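A.B. asks: Please work out how this folds:
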Amino acid sequence: MTNAQKWMAAFLGLFLFLFVLGSITKKEDAGNAVTEKYMEEISQASQEIDGLALIKQTGCITCHGSELQGTKMAPELKDLKKYWTRDALINYLRNPSSYSDDARFDEYRAKYKNIVMPSYRNIDVKDLGKMADYLLTK
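C.D. replies: Coordinates of the predicted model:
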C-alpha cells in the first residue's frame, strides 16, 4: 500500500468514526417543532410587513387611507377574500381597467367619480403577490 492510499484509508476511517459517533450522540430536539412554528410565524409577519410597506410605497394609502379604511377618493380594503383570489387580485392590480365590465365596479364608479385606479404593471409580480397576500389577510 502506498502512502497516499494509507492516508486516504485513515481519512475515510476517521470520517466513518465521526459519522457513527455523531449519529449515536444525536438527540432529537424536542423544541424543534416549536422552533419551526416560530420561524414560520416570523416569516409570515415579515411577509405582512413587506406587503404593507409595498402598499405604502406605491401610494395606495393616498387614496385608500393610512389604515386602508377608505376615503372620499377610494373604498376601504377589507374582506377582499369575499371577492378575490390571490391570482385575480394580482391581475386586477396589474390592469384594473380590464375589470371595468364587472357589475361590482358600477357602484364604485358612481361613488368615486373621476377617480381611476392606477395600473401597477411596472411593479414586479412577486411584489404584487406580497401586496395581495397582505390585503387578503385584512
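A.B. asks: next helix or strand past the lowest-mean-pLDDT helix or strand in the chain?
C.D. replies: Across the helices and strands of the chain, mean confidence by mean pLDDT, DSSP states H and E is lowest for helix 32-58: a mean of 71. Downstream of helix 32-58, the next assigned helix or strand under DSSP states H and E is helix 60-64.
A.B. asks: Could you tell me the average pLDDT over the helix or strand following that next one, please?
C.D. replies: Per DSSP H and E, helix 60-64 leads on to helix 86-94 as the next helix or strand towards the C-terminus. Model confidence over helix 86-94 averages 92 on the pLDDT scale.
A.B. asks: what's the answer for stretch 98-105, then?
C.D. replies: Averaged across stretch 98-105, pLDDT comes to 80.
A.B. asks: tell me how far that stretch is from the chain's mean position?
C.D. replies: Distance of stretch 98-105 from its chain centroid, counting by C-alpha atoms, centre = their mean, to the nearest Å, is 27 Å.
A.B. asks: cool, stretch 113-120 as well?
C.D. replies: Put simply, stretch 113-120 sits 25 Å off its chain's centre (C-alpha atoms, centre = their mean).
A.B. asks: and that stretch, which residues are buried?
C.D. replies: Of the residues in stretch 113-120, those buried under the neighbour-count criterion (16 or more other C-beta atoms under 10 Å) are 117, 120. Where you see a C-beta, it was placed from the backbone N, CA and C, and this is true even at glycine.
A.B. asks: what do you get for stretch 75-92?
C.D. replies: Using 16+ other C-beta under 10 Å as the burial criterion, the residues of stretch 75-92 that qualify are 75, 77, 80, 84, 89-92.
A.B. asks: Please apply the same query to stretch 54-69.
C.D. replies: Using 16+ other C-beta under 10 Å as the burial criterion, the residues of stretch 54-69 that qualify are 54-55, 58, 60-61, 63-65, 68.
A.B. asks: What is the most widely separated pair among those?
C.D. replies: Using C-beta to C-beta, those span at most 16.4 Å, a distance reached by 54 and 65.
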